[in-house]
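Engineer: Let's see this in three dimensions:
(chains A, B and C)
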Amino acid sequence: MFPRLLTTFALLLTTVALLSLSTSAARYPSYGTLQTTKSSGVLNVAINNTHSPINLFDQFVQSDLANLIETLQVNDTDVRVVVFSSANPKFFLAHIDINYFLPGYESPLPVFDVSIPELTFPVALLWNITQLPQATIAVIEGRARGIGNEFLMSCDMRFASKSPSVLLSQLETSFGGNPGSGGSMYLAHEIGRGRTFEYVVSSTDIDAVTADRIGWINRAFDTSRELHSYVQGLAARIALFPAAGIAGTKQGINAASRPPLEVIIQDAQKVIETLGASPAVQAFSKKFLAATHNQTVGPFELNYGEKLVEL
Amino acid sequence: MFPRLLTTFALLLTTVALLSLSTSAARYPSYGTLQTTKSSGVLNVAINNTHSPINLFDQFVQSDLANLIETLQVNDTDVRVVVFSSANPKFFLAHIDINYFLPGYESPLPVFDVSIPELTFPVALLWNITQLPQATIAVIEGRARGIGNEFLMSCDMRFASKSPSVLLSQLETSFGGNPGSGGSMYLAHEIGRGRTFEYVVSSTDIDAVTADRIGWINRAFDTSRELHSYVQGLAARIALFPAAGIAGTKQGINAASRPPLEVIIQDAQKVIETLGASPAVQAFSKKFLAATHNQTVGPFELNYGEKLVEL
Amino acid sequence: MFPRLLTTFALLLTTVALLSLSTSAARYPSYGTLQTTKSSGVLNVAINNTHSPINLFDQFVQSDLANLIETLQVNDTDVRVVVFSSANPKFFLAHIDINYFLPGYESPLPVFDVSIPELTFPVALLWNITQLPQATIAVIEGRARGIGNEFLMSCDMRFASKSPSVLLSQLETSFGGNPGSGGSMYLAHEIGRGRTFEYVVSSTDIDAVTADRIGWINRAFDTSRELHSYVQGLAARIALFPAAGIAGTKQGINAASRPPLEVIIQDAQKVIETLGASPAVQAFSKKFLAATHNQTVGPFELNYGEKLVEL
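Structural biologist: Numbering: from 1, shown residues only, chains lettered A, B, ... in the order given. Below you'll find the predicted structure:
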């Protein structure tokens, strides 16, 4: 698509200029999985996990996200809006690295949020995204399952193209687990209780049009060009406003609509900590890793919603 | 409709086989108002109140539901999904037995949930349905008003056909009462605050298409065949997954989207306990029982949403 | 439009008859900005701020609303439903008087709700509207921004015509502020978390059709005639029911869907108290007052959603 290429090209041109923003205060190892560009108060972040063909939410992406979040928390630049997109046209963020569920696996990642040390690293990352003083927007053009969708829910807003590559789901129940970072709790606020049960308990993929209709995402656009045009216009408009007003308004919306952290800990994180250690989850994880050839592009990663019944 | 007949026939064939499931541990009198069949982890329960032409939510149905719930709580079979439907094509579950509101009426039913003895029997039934470790799905092909709709809201998911027999409402305000088991609280999560006020305060019937559009139900299907086909497919899929994952995922969704029990007690049950004893409710109940010839099929039970203004 | 004229004419004819209802117990100065008529248990209240060409939410409207609310709280008439509309075809309620944010401004209004003295006058008004024993319905045929929309959200139900004059928004973020009476918190319950962020943080106007589609309002009607006809029918139906049932049902819905008062105070009112005193808000308020010629009809008041980027 010509306009898409133009957009991508424009992104590449400005990538180098602002890269310093996400590395200046790095407390964690940097792996270059996030391409950042900044323009007039808007920081564009393209997720590009060069260690994974499916933009896996692995230790590399988490480490880079940790650095980015800590930089944004300081809020000492003029960034008022952060737009997350993906450099991988088929995968926005696939899911968590399923190797985590194999017996004996130990994460190299430390505690992220030292003020709440009981939070696991990924739960702490997503919670802190909701706390950022900037407005956050996700631009979705590929798959996002499991923690990939939980990442989307931790952003303030979610827009997608109607590309058949957009497939969202919480797939954890099919493993014998549960959405451990609270994704189903955010979803219940967006699409209601009954539809959350339907999609999450059945681990079903949802496409962009249906996701728009029921409120899972803000809106689905016919083309990638319309998607990017709308989001960049929205981001530019918000970036006109005083930073304190954006942060103050976010505080009110979060207070009314975000699951409380203690509920996320008690009824999501602690549940997956127990279930994740069960033989059922470990056995299914092995089958999954075998069927996906360790999380590479193929029928299971592309169409998990349909293929899972074969596992 | 030919496919419908086939489905019904298939259900009848397997009814006897699993009936033991709902009677094995019976603490309450059994009346046979629930027809159960089990297949590959899915328990189908057809509500068939042979004591009432309108599938009244009376002491017989409540007693049988109590036995069923206690059996499911033990969760010692492979049942992972429970599908509730109705054997009465015009009434899924009509409403509570209005004789309860006449002066001097005393329920023969004891405390159901001894861990929370202040709960009335019907409130305890519905709350315990939301706590079941199995996924619960309602298949709606007839009317469900008052506690009939509250029963629907206590299920995890709700699907309906577009049959004109599908008419849902909380009708209590028209009596001078309120939805006493928290039905309006669950509804507010599904359809929003404003639309909950509109439908509940005005005691208006909603049809399946509108209920789908605003989120009261998960989805409305053109035909009974499509409805049953979708739900049986969904149930079979969920039944593939480990029981612990289903229960763990339910815990998270409930924590974020279910009205807290103390709110249901304080702002629903206690309110109806007060209002239900008022002369206004007692007088209207007498008029209602007269107009419906003690809750039999006729214009008032069929079309209460339209007819109530004549009472 | 002929039917519209008829409706307006009918309203005028009955205006005088019931005016006493809103003035009988007046604790606050009365300015005649609310035209009231009563018929069969329904009180129609047309907002008509003769001190402002844009139906400003200023001290006059607030004083008259305070008297009206106190009269309705006593609930010693047969009023069961209150219908709020506007006598100004372009503005339902514009927004708060922006002069409030200029340095040195002091409100002549005292504490309204002495049981909760920390509430500012407008926050106390809106909270007490949600507490009224009557059902409350807003009929929207013009703009409602900022506290104008927060007023709408404090009503139980909201219906609009599809007139291009219907433009709703929370515009505070564009000033460097936030919706200080909890409007975004109510909105999050109606339209979800993501869409609330989108519209509120970007201070974007929404039209009636879109507001209906995402749940911001109950419904949008093609014509003013259909709007009034539906609402009057709905109000007349609710007015048939016992007052105690309406109030009891409202208690349950509020308990499940209204932001808690302490959250409104902490995360809305206190935030605007801090932000409203900031140089950024004061500077923007001055620009706004200049651009609107002190809040008169013109491009900025008519089309703020589009024009704000020029400020």
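
Engineer: Point me to the helix or strand that includes A:Phe300.
Structural biologist: Under the criterion DSSP states H and E, the helix or strand holding A:Phe300 is helix A:299-302.

Engineer: oh sorry, the question was meant for A:Val83
Structural biologist: strand A:81-86.

Engineer: now that strand, how far from the centre of its chain.
Structural biologist: A distance of 10 Å separates the C-alpha centroid of strand A:81-86 from that of its chain, computed with CA atoms, centre = their mean, to the nearest Å.

Engineer: which helices and strands sit right next to the helix or strand following it?
Structural biologist: As assigned by DSSP H and E, the chain's next helix or strand after strand A:81-86 is strand A:91-93. Under the contact definition 3 or more CB pairs under 8 Å, 6 or more residues apart in numbering or on different chains; DSSP states H and E, strand A:91-93 sits against strand A:81-86, strand A:143-145, helix A:147-154. (C-beta placed from N, C-alpha, C; glycine too.)

Engineer: at 6 Å what do you get?
Structural biologist: Using 3 or more CB pairs under 6 Å, 6 or more residues apart in numbering or on different chains; DSSP states H and E, the elements in contact with strand A:91-93 are strand A:143-145.

Engineer: so what does the strand it packs on touch, helix or strand wise?
Structural biologist: Strand A:143-145 makes packing contacts with strand A:91-93, strand A:167-169 when contacts are defined by 3+ CB pairs under 6 Å, 6+ apart.

Engineer: Make TSV from the ones you listed and add mean neighbour count to it.
Structural biologist: Output for the helices and strands packed on strand A:143-145, formatted as TSV (neighbours: other CB atoms under 10 Å in any protein chain shown):
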stretch	mean neighbour count
strand A:91-93	28
strand A:167-169	27
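
Engineer: For stretch A:144-160, what is the distance to the chain centroid?
Structural biologist: Between the mean C-alpha location of stretch A:144-160 and the chain-wide mean there is a distance of 4 Å, by CA atoms, centre = their mean.

Engineer: can you list contacts of it?
Structural biologist: With contact meaning CB atoms under 6 Å, 6 or more residues apart in numbering or on different chains, stretch A:144-160 is reached by A:57, A:92-96, A:122, A:126, A:129-130, A:135-140, A:166, A:168-171, A:181, A:183, A:186, A:208, A:217-220, A:227, A:231, C:194, C:197-198.

Engineer: Please pick the buried ones from these.
Structural biologist: The neighbour count (16 or more other CB atoms under 10 Å in any protein chain shown) marks A:57, A:92-96, A:122, A:126, A:129-130, A:135-140, A:166, A:168-171, A:181, A:183, A:186, A:208, A:217-220, A:227, A:231, C:194, C:197-198 as buried among the contacts of stretch A:144-160.

Engineer: Now, those that are in strands?
Structural biologist: Taking DSSP state E as the definition of strands, those contribute A:Phe92, A:Leu93, A:Ala135, A:Thr136, A:Ile137, A:Ala138, A:Val139, A:Ile140, A:Leu168, A:Ser169, A:Arg219, A:Ala220.

Engineer: Looking at these, spot the one nearest C:Asn294.
Structural biologist: Using CB to CB, A:Ala135 is the member of those that sits closest to C:Asn294, with 31.0 Å.

Engineer: if we can go back for a sec, what does the strand holding A:Val83 contact?
Structural biologist: Surrounding strand A:81-86, the residues in contact under the criterion CB under 6 Å, 6+ apart are A:42-47, A:55, A:92, A:134-139, A:142, A:235, A:238-239.
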